[in-house]
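Could you work out the structure for the sequence below:
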Amino acid sequence: MSSNIWTADALASNVIALKLRCWRVVEAQSKISTMKLTDTLEQQEALERIIDETKNKVPDECRHLGFLLFTPFRYTPYPFHSRFRRSGSIEGVFYAAESTETAVAEAAFYRLLFYAESPHTPWPANPNEHTAFAANIATPFAVDLTREPFVVRRNDWTHPTDYASCLDLAEAARAAKIEAIRYESVRDPLRRANIALLTCRAFAGSDVVDRQTWHFHLSSTGIRTVCEFPKQTISFDRNAFVHDSRISAMQWDR
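Numbers count the residues shown, from 1 in each chain. Now for the predicted structure:
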C-alpha cells in the first residue's frame, strides 16, 4: 500500500475532537548547569537571560506559553527525522503521552539509545534527574491512528525505525489543518497512546499543570526509574526494547 494514501482531504474527513491531559519527560539540567556557574540568584538570572538571547526566536503563536511548552517549536531547522517531524523541518512537534508511565518509557528508551550509539561511553555513576510535566490540550482537529480507518496500517505507524509513512501522514495532516495526532507508543510495553501536537494552538492553557521529579539510573542490567512523589518505580531490563535493532545491538558491559 502506498505510503501517501492519506491525502489532506481524506484526513480531514476523519477528524475527531481531542481533549485530555498529556505528559512529557525532559532532563532537568538547564537550571542546575547555570547554578554551578554563578554565586547568587541574581547572577544566575542574568546568565539565563544572556543564554536565552542566543537561542532561536520563539514562534509568534507560541509566545504566550511557558518554556516547557514552546521549546519543541522553537528550534529549527530540525536536524534529523523523528516520527512526525522530517529532517530540516521548520515546523515543530510537541511529543507527549497520555500517561506518565508511557512518557517515562519513551524517555528511558532515548536515554538508552544515546548509550547504544556511544558504545565507549561509561554508564553514569549517579542517577540523572528528569522532570515529568503535564499539559492540557483541546482541539477539534485531531486524527487517531489507533482507530478505524487508520489502524489497518498499524505496522506502518509503529515501525521502530522507519518513519516514512508517519512523515508523509504528518505532511498531509498539516495541509488539512490538523493540530494533533494520537498514536500508539512503540516504547511503552503496554502500547498506550502518545500524542503529537503539530501546533501550539492545541494547548488548552499557557503553562504546565502538574510536575513530577524522576531519577533515571542506567547500568549494565538496564534502566531503573524512580519517582518520590507520588511514589512509583518503573524498570526496563536489557530485553525491554530489543524490538529496536539499535538497542538489541547494545554493548551492555562497559
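
so where's the chain uncertain?
Applying pLDDT under 70 to the chain flags the ranges 1-4, 29-33.

run the last query once more with 80
Where the chain drops to pLDDT under 80, the residues are 1-5, 29-37, 48, 51-54.

can you point me to the longest strand in it?
Criterion DSSP state E: the longest strand present in the chain is strand 128-144.

Centre of the chain to that strand, how far?
Relative to the chain's own centre, strand 128-144 is displaced by 9 Å; criterion: CA atoms, centre = their mean, to the nearest Å.

buried ones in that strand?
Buried residues in strand 128-144, counted by 16 or more other CB atoms under 10 Å: 128, 130-139, 141-144. In short, each C-beta sits where N, CA and C put it, glycine included.

go on, stretch 94-112?
Neighbour-count burial for stretch 94-112 flags 94-109, 111-112 (criterion: 16+ other CB under 10 Å).

Stretch 147-160 too?
Buried residues in stretch 147-160, counted by 16+ other CB under 10 Å: 150, 153, 156-158.

among these, which are in helices?
156-157 (DSSP state H).

residues in contact with Ala138?
Residues near Ala138 by CB atoms under 8 Å, 6 or more residues apart in numbering: 18-19, 202, 204.

Alpha carbons only: can I get the longest strand of the chain in CSV?
Extracted as CSV, the C-alpha positions of strand 128-144 are listed here (Å, rounded to 0.1, in the frame of the first residue of the first chain):
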residue,chain,number,x,y,z
ASN,A,128,20.1,11.6,36.2
GLU,A,129,17.2,13.8,37.3
HIS,A,130,14.3,14.3,34.9
THR,A,131,11.1,16.4,35.1
ALA,A,132,7.8,14.9,34.1
PHE,A,133,5.2,17.6,33.3
ALA,A,134,1.6,17.7,32.3
ALA,A,135,-0.2,20.0,29.9
ASN,A,136,-3.9,20.2,28.9
ILE,A,137,-4.7,20.0,25.3
ALA,A,138,-8.0,20.6,23.5
THR,A,139,-8.5,20.6,19.7
PRO,A,140,-11.4,19.8,17.4
PHE,A,141,-8.9,18.9,14.7
ALA,A,142,-7.2,15.6,15.5
VAL,A,143,-6.8,12.2,14.0
ASP,A,144,-6.4,8.9,15.9
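
bridging residues for the closest residue to Asp144 other than its chain neighbours?
For Asp144, ignoring the flanking residues on the chain, the nearest one in space by CB to CB, 6 or more residues apart in numbering is Arg182 at 4.3 Å. Beta-bridge pairing for Arg182 (DSSP bridges): Asp144, Ile195.

out of everything not next to it in sequence, what's closest to His243?
Counting by CB to CB, 6+ apart, Pro160 is the residue found nearest to His243 once chain neighbours are left out, at 5.8 Å.

How much space separates that neighbour from Tyr95?
Distance of Pro160 to Tyr95, computed by CB to CB, to the nearest Å: 15 Å.

Understood, closing this out.
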